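*Asks:* curious how this folds, go ahead:
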Amino acid sequence: MPPIIAVLRAAADASDQFVDVSTSLYKKIGGTTDLAPVAVSLSLPQLNLNDTVHSGSNHQHMPKSIIAYARVAKEDDENDVLSTHPSLITSVYGRQPIAIELEEQLELALFDEGITVDEHQYYVQVEPTNLIECDEVIFGAMDKRSYDFVSNGSDGLAELLNSGDKSPSIIRSSSVITFPNSLRYKILMSNPVLQGHIISSERTKIIVVDISATDIEVNGVSGHDILEDPLSFSMLKDRKDGPDVVDSLTFQPSILSSPWPERQLVPNPPEQNDNESRVYVHVDDLARCGVFSNDWVLVSGENYKRSRLCRIYGVDIPSTRDKSIAYLSPQLAFNLGLPLPPSSIEHGSLYITRLTKPVTDGPPIAKAVTVARVASVTAVDKVLQNALLDALKQWFEEKTRIVCEGDVLAVSVDEDPARLLPQARDMEDFSHLNLPNPSRPTAVAYFQITSLEEDQRKDDEPHPAYFGAGRRISPSYTHMVQTGLEHSRVPVGDISRYHQLASQLPRCQPDIPAYGHIFNLLSSSMHPLAKDLNLSCTVLVQGARGGGKSTVVKWVAEHVGVHVFEISAFDIVGETDAKTEVYLRAKFEKAMVMAPCVILLRGIEGLARKSAVVETGQEPLIATVLQDCIQNITDSHSSTGYPVMLVATTSDVENLPTSILGCFRHEVVIEAPAEAIRLQMLSSLTEKSPLAPDVSLQSLATQTAALVAKDLVDLVARTGVMAMNRVHTALKDTNQAGNITDRDVEAAGVALTAHDFDSALNQARASYSDSIGAPKIPNVTWDDVGGLANVKDDILDTIQLPLEHPELFGAGMKKRSGILLYGPPGTGKTLLAKAIATSCSLNFFSVKGPELLNMYIGESEANVRRVFQRARDAKPCVIFFDELDSVAPKRGEKGDSGGVMDRIVSQMLAELDGMSEGESGAGDVFVIGATNRPDLLDPALLRPGRFDKLLYLGVSQDHQQQLKIIEALTRKFRLHPDLNLANVAEKCPFHYTGADFYALCSDAMLKAMTRVADTIEQKVKEYNESAEHEPKSITAQYYLAHLATPEDILVQVTEQDFIKALEELIPSVSASELEHYKTVRERFEKKDDEEEEEAEQQVVQQPAQPSKGKGKGKGKARIQ
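*Replies:* The predicted structure follows:
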């Protein structure tokens, strides 16, 4: 059934569980004859939870509707009326204006029953719903007494929730529940939905934590959420008649990112009030201006000829309490002549002047007005001409507009219905067709007021300058004429978000380095001197696919105030070069009509590829055509007065011919976003999604290294799917799936939990992984590593010190970023590298030798470059080269196919040399190599600046070290109480490696499991042979499922299991092989000592800068 619209009123009963409804409304929601409460969902369309001013989001887990029990009111009403206490709204949404006004109604009603407040009528959508049983609820005890009450179990809390009324208490995440015995609990989290109920502690897992020492906001009320001090409007000095001219006050202008909700304004604006002629200031500034909220004031920028009358409203924003900031729409800021890029609007000033003679209706009505279309992609489309005129007509009719000559008007238009209509030659052919009102606009069309004619002023009227340059437009009186096409810049700001277009751009992230580079280039081209200097703006933006290249360009275009003409290179490629040339020239000629605009040429690699140049030996002809087109748009700057800029994007710059690259003066690279940028992106993507308290976006930003913008969008979408799957699984497990509908789940609200993000992230990593792997943080701790204490300290000094104290490396000191682990196989080299990455929260990138090889010339070296580039995108990151001797052998010794291995080694050396370049290079990328044959490595790899830290990982030298390894491997085993692992370690020889101990423990566990399985088989055999039972025999599976006790299936590893495994174990490294590795170690140690002596002699001859820390001087460190 569709939602029922009811009138919302204030009730004196301060219950957050029940609302009172009239009898007629109770019947409509399915009430019974016994007047039992009915669960309903309440939706308040007046609530606006988006932050109009600030770009951030507080991410409170708020549902879209409130679930409560509806009961018949004691005082009946003929209409559909719902009464609730304001505390119900504040408990879920905080102190919204609707709750404040309900409080005022309640106070007036309690003071005098004859007084009612109907000035601002509120409505609520009511719909019956089914309550969902929660499978897990986390409570926070707000004092010690409440925590002690549940210290012996949560059964008492469940009984309190279901005591009293027949209906179980409704659980709302983030709300506070107070019981009659002064027990207070805050609901920190509830699963699977935000609002549900608890039947018993047996069916719902109840967790209680002590939060008495934490400063918790009660019911989400904090700070100055809205106008909390209505007296701010009345603390103004009495007005006295005076001169028409008074001193104006100066404000810092700020452009809104979305329209200010009218229901949050006090007093509520009339319906015909022009929302584009409003200025919002702090309530304290109203007193400074000497005006009331909703008064007319004269507003102007630096150019007083563009001044106009606007209504001023007082708002309460904590961050602007000490600043004089005036908020206004993008259109008003543009028409007032405030600074445009390359200047910053923050450097401009907004002047507000009080009118000494109050004005009731605003400025005079204009006699005639002439409107022209501003050249843009939408305005020059012939299919949309009639739709644009209808949208302009509707824009003037829906509000009493105030315009000045030269104003640019932004009108939202829905393009889809216009494109579906049959084409007609004359406008009269459309007289029988009424275009529907745009439910969701798809584009913004701009118009300019080219002339404005006024009536003659009467003698008793104020001078026209008193009203500024703005005049009212009355559709019934003002004569309106539409003329041709004009070229003009357009309002700047988040235009797609402000006009709430169907396809909005993501929230702008100006901290992205590429944004600043492109912004400077485009805004410089808009400078008045750019025409005289004959500047041409041609930019090539390169980056990974899905990295946000086009989005960044559109962001910049919106904030510079120019149009975007988007072209896909793959759409204009014809069958022959001649057709491609015709299509390309036609597109550029069309773009010149839209000046000022940006031609966004997407996928320019589709025009020509380097491979074609190699085959033919000639540069592509399309490059000459592109240069000619660029020259044409440069020449058009002088004719239109506005530039046409070219921005091309590519995700494969290596395959672009040189002639195409030569067409662009500037190149901008969009790299994988850094952690801070990823955090901003995740905050923007989840701003409208409720987040559970266990979600840490900061941690999620750390784990999403190497993911680009499109990957983050996909991650959040996957998380939503995971959340819905979690809800449906929980409903099936609790046998509620048959009664609960999707509408019930939507009303209850679903929050995204940390488990949802983890599942989505694991699924995303599996999708993104390719032939060279995907970086991720491993899950190996130092508890998994036994022994190796000395090696651990040396590694942490090399890796952890630059991460925690980067200031130590700011004076030209290079970071050591290469570590070589060598020793016998199976000594834990790979495990150690993963433990390092986990402890330092580094992404781990494991590379195997065969993954780098490719049959095509040059591709193997390209794979090496991609590995290091992927690591730089995922920094801080560890690249782990296992079996390094197979990847980088000595050059020139062995012949291979075309010398591919030699080229791989040379490319790897070049990449390693860039590891210590600091912030501009890959200062947070560390390389760890592992090999058991360091004598086979190319000597250049072991020089300073590359793998200059060599660590030997050998076998355990005593039984105590062996015991630590065994304890680490068996820490998740269930060991027999009589087992002493020290006895096992004493029986092990000293040539066992870590892999041997792993095999020993695995074999011991396998023997314990085999022993238990044999015992169960023996019991089944005895059971079947027993004459006391039925002749039908049973199987082991039946015995385990129905007859076995927990003791029967308990697997405990005994010392005898270890002894049997030890007898069968064959060591992976023999004693003779171990001696060989010791010889190799001694040879490298001797070589290292000789290099240190040479370095010391050089230090004596030429003093060097003192180094800090161990192993930070010139030359390689001593091998451990």
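*Asks:* now do the helices in the stretch 651-800 of the chain.
*Replies:* 658-661, 675-685, 697-703, 709-733, 742-748, 754-768, 789-804 (DSSP state H, counting those that start in this stretch).
*Asks:* for Tyr642, give me its contacts.
*Replies:* His487, Ser488, Arg489, Met526, Ala595, Pro596 (C-beta atoms under 8 Å, 6 or more residues apart in numbering). Heads up, the C-betas are built off the backbone N, CA and C, glycines and all.
*Asks:* how close does the fourth one sit to Pro596?
*Replies:* What it means is Met526. For Met526, the distance to Pro596 equals 7 Å [C-beta to C-beta, to the nearest Å].
*Asks:* out of these two, which sits in the busier spot?
*Replies:* Pro596 (24 against 20; other C-beta atoms under 10 Å).
*Asks:* phi, psi for that one please.
*Replies:* phi -80, psi 130 (degrees, to the nearest 10).
*Asks:* nearest residue to it other than its sequence neighbours?
*Replies:* Sequence neighbours aside, Tyr642 is the residue nearest to Pro596 in space, at 3.6 Å (criterion: C-beta to C-beta, 6 or more residues apart in numbering).
*Asks:* does that neighbour count as helix, strand or coil?
*Replies:* coil (DSSP: H, G, I helix; E, B strand; the rest coil).
*Asks:* run the chain-centre distance for the helix or strand harbouring Ile518.
*Replies:* For Ile518, the element it lies in under DSSP states H and E is helix 513-525. Relative to its chain's centre, helix 513-525 lies at 23 Å (C-alpha atoms, centre = their mean, to the nearest Å).
*Asks:* who touches the helix or strand just after it?
*Replies:* As assigned by DSSP H and E, the chain's next helix or strand after helix 513-525 is helix 528-532. The list of residues contacting helix 528-532 from outside it, by C-beta under 8 Å, 6+ apart, reads Ser524, His637, Ser638, Gly641, Pro643.
*Asks:* among these, who's most crowded?
*Replies:* Pro643 (24 neighbours).
*Asks:* which residues does that one contact?
*Replies:* With C-beta under 8 Å, 6+ apart, Pro643 has these contacts: Ser525, Met526, Ala530, Lys531, Leu535, Ser536, Cys537, Ala595, Pro596, Ile633, His637.
*Asks:* Arg306: which of these is nearest?
*Replies:* Nearest to Arg306 out of the contacts of Pro643 is Met526 (C-beta to C-beta; 19.2 Å).
*Asks:* surely the closest one touches Pro341?
*Replies:* Yes. Met526 is within contact range of Pro341, at 6.6 Å (criterion: C-beta atoms under 8 Å).
*Asks:* what do those two both touch?
*Replies:* In contact with both Met526 and Pro341: Val560, Gly561, using C-beta under 8 Å, 6+ apart.
*Asks:* picking up where we left off before, which residues do Met526 and Pro596 both contact?
*Replies:* With C-beta under 8 Å, 6+ apart as the test, Met526 and Pro596 both reach Arg489, Gly561, Val562, Tyr642, Pro643.
*Asks:* list just the nearest of these to Lys549.
*Replies:* Nearest to Lys549 among the shared contacts of Met526 and Pro596, with distances taken as C-beta to C-beta, is Val562, at 17.4 Å.
*Asks:* picking up where we left off before, now do the residue nearest to Pro596 against Ser496, distance only.
*Replies:* Taking C-beta to C-beta, one finds Tyr642 at 22 Å from Ser496.
*Asks:* with Pro778 instead?
*Replies:* When distance is defined by C-beta to C-beta, Pro778 is 41 Å away from Ser496.
*Asks:* swap in Ala410?
*Replies:* Per C-beta to C-beta, Ala410 is found 11 Å from Ser496.
*Asks:* do the same with Thr551
*Replies:* Here Thr551 is placed at a distance of 11 Å from Ser496 (C-beta to C-beta).
*Asks:* identify the contacts common to those two.
*Replies:* Leu505.
*Asks:* quick one, domains of this protein?
*Replies:* 4-128, 136-220, 227-362, 364-505, 513-670, 675-768, 782-952, 959-1068 (automatic domain parsing).
*Asks:* let's have those in CSV, adding mean pLDDT and distance to Thr1079.
*Replies:* CSV is the format used below for the domains of the chain (pLDDT from 0 to 100; distance: least, C-beta to C-beta, whole Å):
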stretch, mean pLDDT, distance to Thr1079
domain 4-128, 74, 61
domain 136-220, 82, 59
domain 227-362, 79, 69
domain 364-505, 83, 65
domain 513-670, 90, 46
domain 675-768, 89, 41
domain 782-952, 78, 10
domain 959-1068, 86, 15
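*Asks:* select, out of these, the one closest to Tyr1077.
*Replies:* domain 782-952 (5.1 Å).
*Asks:* in terms of secondary structure, what does the longest strand belonging to the chain contact?
*Replies:* In the chain, assigned by DSSP state E, the strand with the most residues is strand 443-454. When contacts are defined as 3 or more C-beta pairs under 8 Å, 6 or more residues apart in numbering; DSSP states H and E, strand 443-454 packs onto strand 366-374, helix 385-398, strand 408-413, strand 479-486.
*Asks:* I'd like the next helix or strand past the second one.
*Replies:* The first helix or strand that comes after helix 385-398 along the chain, using DSSP H and E, is strand 402-403.
*Asks:* can you list contacts of that following strand?
*Replies:* Against strand 402-403 from outside (C-beta under 8 Å, 6+ apart): 274, 276-277, 308-310, 362-363, 366, 369, 409, 449, 452, 470-473.
*Asks:* so among those, which ones count as buried?
*Replies:* 274, 276-277, 308-310, 362-363, 366, 369, 409, 449, 452, 470-473 (16 or more other C-beta atoms under 10 Å).
*Asks:* ok, and for stretch 1056-1063, which residues are buried?
*Replies:* Asp1057, Phe1058, Lys1060, Ala1061, Leu1062.
*Asks:* among these, name the ones in helices.
*Replies:* Counting by DSSP state H, those place Asp1057, Phe1058, Lys1060, Ala1061, Leu1062 in helices.
*Asks:* can I get those in CSV with distance to Pro825?
*Replies:* Below are those laid out as CSV (distance: C-beta to C-beta, whole Å):
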residue, distance to Pro825
Asp1057, 26
Phe1058, 23
Lys1060, 25
Ala1061, 20
Leu1062, 20
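*Asks:* that older thread, can you list the shared contacts of Met526 and Pro596 in TSV and add distance to Gln869?
*Replies:* Shown next, in TSV, are the shared contacts of Met526 and Pro596 (distance: C-beta to C-beta, whole Å):
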residue	distance to Gln869
Arg489	39
Gly561	36
Val562	33
Tyr642	39
Pro643	34
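*Asks:* quick check, nearest of those to Val124?
*Replies:* Among those, and counting by C-beta to C-beta, the member closest to Val124 is Gly561, at 41.4 Å.
*Asks:* just give me the residue closest to the centre of this structure.
*Replies:* In the chain, the centroid-proximal residue (C-alpha atoms, centre = their mean) is Leu682; its distance is 1.2 Å.
*Asks:* excluding its backbone neighbours, what's nearest it?
*Replies:* Counting by C-beta to C-beta, 6+ apart, the residue nearest Leu682 is Leu697, at 5.0 Å.
*Asks:* Met724: how many residues sit nearby?
*Replies:* 15.
*Asks:* can you tell me how far it is from Asp694?
*Replies:* Taking C-beta to C-beta, one finds Met724 at 18 Å from Asp694.
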